[in-house]
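>>> Could you work out the structure for the sequence below:
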Amino acid sequence: MLRPEVMRKITIFVHKNDRDILLETLHKTGVLQIRELKKDEASKYLAPALPPEELKTISDYLLRVSRLISIMKIPPQKTSFVQSMFGLDLPEKVKIKHNSKGEVLKLIEAYIKKNEEELIRIEERHAEIAERLDELKGLKEAALIIQGAQLNTILISELRRVKVVAGIIAKQNLPKLREESGKELSISHLMGKSIDKKRELYVLISLSDEYARAVFISKKHGADIIPLDSMPKSSNPKDELDKEERELLKERDELINRIIALRKESFEEAVILREELEILKERDEQNYNLLSSKNFIMLSGWVPKKRVIPLKTRLREEFKGRVVMKVDFPEDNDETPVKLSNPAFIKPYEMITELFSLPKYKDIDPTFIVGPVFIIFAGFMLTDFVYGAMLVILALFLIKRLGKYSSSMKEMGTILLWMGIFAMIFGFLTGSYLGDLPSYLFGISPKSLAIWKDPLSEPLYFLILSFIVALIHLNIGLVIGALEDIRKKDYKTLVKERGTWFLLQLSVLFFFFPKITWLAETLLGIDVLLILVFNGPLGILGMTGFMGDVISYSRLFALALSTAGIALTVNLLSNLVKGVPFVGILIAIPLFIVGHFFSFVMNSLGAFVHSIRLQFVEFFGKFYEGGGEKFTPFKEERLYTEVKRG
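This next block holds a predicted model:
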């Protein structure tokens, strides 16, 4: 609990023919983090292993089946809140039988052969229809303008020696277009007709050979060209375009219905096969971390000490003795990964430690104190029974509804649950129930309800309490830091970073006892001397830093007061508005609900953030560095499938 799990560096040797079996066994066992072997670990007998030939096939199949899944997701489908939140393709895990690599490849080959051609054809046609429907929107608008200007699209299409450019242009740009087209084109004739106050429909006639030049000049002056070539050759192009649009929409609906039918038949199978391929791909890619000789391969990695013997037993059973596993202690220059080891009731708070940084291997893990202190601090800052109950309800929702899909959600829910419980406890002790709401309902003030004390009535008491808590918390950090310095035999840091602060506090404490002020002065002098020796004259300014850290804990009192103050304000305003004739109660109820919801959200967020700040800045600053690398085992992760046993 106090330190990360003890690690062992292991090296495994197996015959080259057993490579796939080894990787599959390790993948399913999930206790080993494969170590990237360095170049200097190779020799004339060992060289980096090459991935199997199937890796390319697996990657290709994975891309193809992923595309088919995306096609089947074109029609919108109703999904649960959880599915939408986590982006899940399937609502529940599907039980499947174990399949070898060869069996998975046969299954995916059959699936692609059956579904790929039709789905891709549907996708391509669906894209063509979507593109054409977008074109039709512009063409229909243009057709209305052309019909209004009485332009004959049939006649225009029959012209050979001259061509027509039609477009819509800003009124102020039309004279410039007329002038430049007259200069740049051999023959040009421009006509314009007003569409509205700002736009003009124009028709520019030029020689066929100069058509491209006429289009360029038009676009140069900001014209939107009407694609006359795409316009139906009809006296009423708008009706023709409407007819085409209806036919395309009907065809699109037929395609969508076919996709829905295929999705019902084969979507689940596609998702399962995609997950199987992802597992195979991840497994085969680990070949890049192996070393190979003519007859055997070598793999190295990290395993928690307590998992070494079970892993060795599993490998011996799997290979019937055809395996060698060498176990070594981590060396000082190794980048040993870190796996935190805490009891179940502390484990959720590892999230907070990881948010800052994991401890280095063999360093102390602060989670055992960070977790409990965090929820107590956060609960004290919220300090309202009803707000705490609301937080408990939110936490239970995260744990029960979302926890089974995400371990992070379950851990966050657990943290919020205990934060809410402590907010309820402190709210009960201080008589805070939506602030001073009981005084409006029952005529009982928070001070009368408080079993302990009311922050609004006795703020100085809670401010002093915050400073006492600060000194206790900070000194726990200094003691932990001192113990770590002694373990590492870093006595210079022990005196420089911890001893000076202990001396400063003792000297200040002794000044309160007149009979031993001489001792206080002596200790203060020694402290100043040590600071000057280790940090120079500027180090004296650092003495105020410790005072600043203590004062920073006043946020405990300030946020507790803020929660009570905002709740009190919401109650007061709601009560005042209630007195307005006729509509008062109609305004007061929404104001009360929205006001307290806002207060709950902001104060809960504030309590969470400021409690974390006290851990990361003030507390960790006294002893903790972090910088550890997380232990990430080579483990088979299944989101949509569960392999049947037996």
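>>> where does the protein dip in pLDDT?
The chain contains residues with pLDDT under 70 at 1, 38-45, 138, 141-142, 144-159, 228, 230, 233-235, 646.
>>> Bridge partners for F13, pull those for me.
M298, V324 (DSSP bridges).
>>> Give me the neighbour count for it.
16 (other Cβ atoms under 10 Å). Every residue, glycine included, has its C-beta placed from N, CA and C.
>>> For V495, give me its contacts.
L530, F534 (Cβ atoms under 8 Å, 6 or more residues apart in numbering).
>>> and the gap between it and F534?
Going from V495 to F534 by Cβ to Cβ, to the nearest Å gives 7 Å.
>>> again with P590
61 Å.
>>> More neighbours: which of the two?
A direct count of neighbours by other Cβ under 10 Å for P590 and F534 places F534 higher, at 15 against 11.
>>> tally of neighbours for the closest residue to that one other than its chain neighbours?
Closest residue to F534 apart from its sequence neighbours, by Cβ to Cβ, 6 or more residues apart in numbering: K496 at 4.4 Å. Burial measure for K496: 17 neighbouring residues, criterion other Cβ under 10 Å.
>>> And for I256?
Neighbours around I256, by other Cβ under 10 Å: 15.
>>> Over to L561?
L561 has 17 nearby residues by other Cβ under 10 Å.
>>> Which stretches in the stretch 101-250 of the chain count as helices?
Residue ranges of the helices in the stretch 101-250 of the chain, as given by DSSP state H, counting those that start in this stretch, are 101-148, 153-158, 174-184, 211-220, 237-285.
>>> How much space separates the residue lying closest to L207 once chain neighbours are set aside from S206?
Nearest non-adjacent residue to L207, counting by Cβ to Cβ, 6+ apart: I187, 5.4 Å away. If you measure I187 against S206 using Cβ to Cβ, the figure is 6 Å.
>>> Then K447?
K447 is 91 Å from S206, by Cβ to Cβ.
>>> Those two: which has the busier surroundings?
For K447 versus S206, the count of surrounding residues by other Cβ under 10 Å is larger for S206: 24 against 15.
>>> Just confirm that one contacts A214, I think it does.
Yes: counting by Cβ atoms under 8 Å, A214 is a contact partner of S206 at 4.4 Å.
>>> what pairs with V643 across the strands?
Here V643, judged by DSSP bridges, has bridge partners I96.
>>> Now do the contacts for it.
V643 neighbours (Cβ under 8 Å, 6+ apart): K95, I96, K97, H98.
>>> Let's test this: what are the backbone torsions at G536?
When read as degrees, to the nearest 10, the backbone of G536 gives phi 80, psi -180.
>>> That one and P459: what is the separation?
Between G536 and P459 the computed distance is 40 Å (Cβ to Cβ).
>>> Between those two, which has more neighbouring residues?
P459 (15 against 9).
>>> The more buried one: what's it in contact with?
So P459 contacts F557, L561 (Cβ under 8 Å, 6+ apart).
>>> go again using 10 Å as the cut-off
Neighbouring residues of P459 by Cβ atoms under 10 Å, 6 or more residues apart in numbering: K453, F557, A558, A560, L561.
>>> In helices, which of those residues appear?
F557, A558, A560, L561 (DSSP state H).
>>> quick one: the strands in this structure?
7-15, 33-34, 47-48, 94-96, 162-170, 188-194, 199-207, 224-226, 291-292, 296-304, 323-328, 641-643 (DSSP state E).
>>> Nearest to G626 among those would be which one?
Counting by Cβ to Cβ, G626 lies closest to strand 7-15 out of the strands of the chain; the figure is 17.6 Å.
>>> If we go by neighbour counts, what in the closest one is buried?
M7, R8, K9, I10, T11, I12, F13, V14 (16 or more other Cβ atoms under 10 Å).
>>> Was I right to think H596 contacts A567?
Yes: counting by Cβ atoms under 10 Å, H596 touches A567, with 6.8 Å between them.
>>> More neighbours: which of those two?
Taking neighbours as other Cβ under 10 Å, H596 and A567 compare with A567 leading, 25 against 22.
>>> Isn't L177 up against H221?
Yes: between L177 and H221 there is a contact under Cβ under 10 Å: 4.6 Å.
>>> Overlap in contacts, these two.
Common neighbours of L177 and H221 (Cβ under 10 Å, 6+ apart) are G167, I169, A170, Y202.
>>> At which residues are the helices of the stretch 401-550 of the chain located?
Using DSSP H, counting those that start in this stretch, helices in the stretch 401-550 of the chain cover 407-430, 437-441, 446-449, 459-488, 491-493, 500-510, 517-535, 543-552.
>>> on that earlier part again, with distance to F356 added, can I get the helices of the stretch 101-250 of the chain in CSV?
What follows is these, written out as CSV (distance: least, Cβ to Cβ, whole Å):
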stretch, distance to F356
helix 101-148, 41
helix 153-158, 70
helix 174-184, 64
helix 211-220, 57
helix 237-285, 29
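>>> Quick check: which of those is nearest to V580?
That would be helix 101-148 among the helices of the stretch 101-250 of the chain, by Cβ to Cβ, at 51.4 Å.
>>> Compute the inter-axis angle for that closest one and helix 237-285.
Helix 101-148 and helix 237-285 are oriented at 160 degrees to each other (axes from the mean of the first three to the mean of the last three Cα atoms, to 10 degrees).
>>> Show me what helix 101-148 is packed up against.
For helix 101-148, the packing partners by 3 or more Cβ pairs under 10 Å, 6 or more residues apart in numbering; DSSP states H and E come out as helix 54-72, helix 153-158, strand 162-170, strand 199-207, strand 224-226, helix 237-285.
>>> Apply 6 Å and report the result again.
helix 54-72, helix 237-285 (3 or more Cβ pairs under 6 Å, 6 or more residues apart in numbering; DSSP states H and E).
>>> what's the closest of the ones you listed to Y433?
Across these, closest to Y433 is helix 237-285 (Cβ to Cβ), at 48.9 Å.
>>> between H596 and A567, what contacts are shared?
Counting by Cβ atoms under 6 Å, 6 or more residues apart in numbering, the common neighbours of H596 and A567 are L434.
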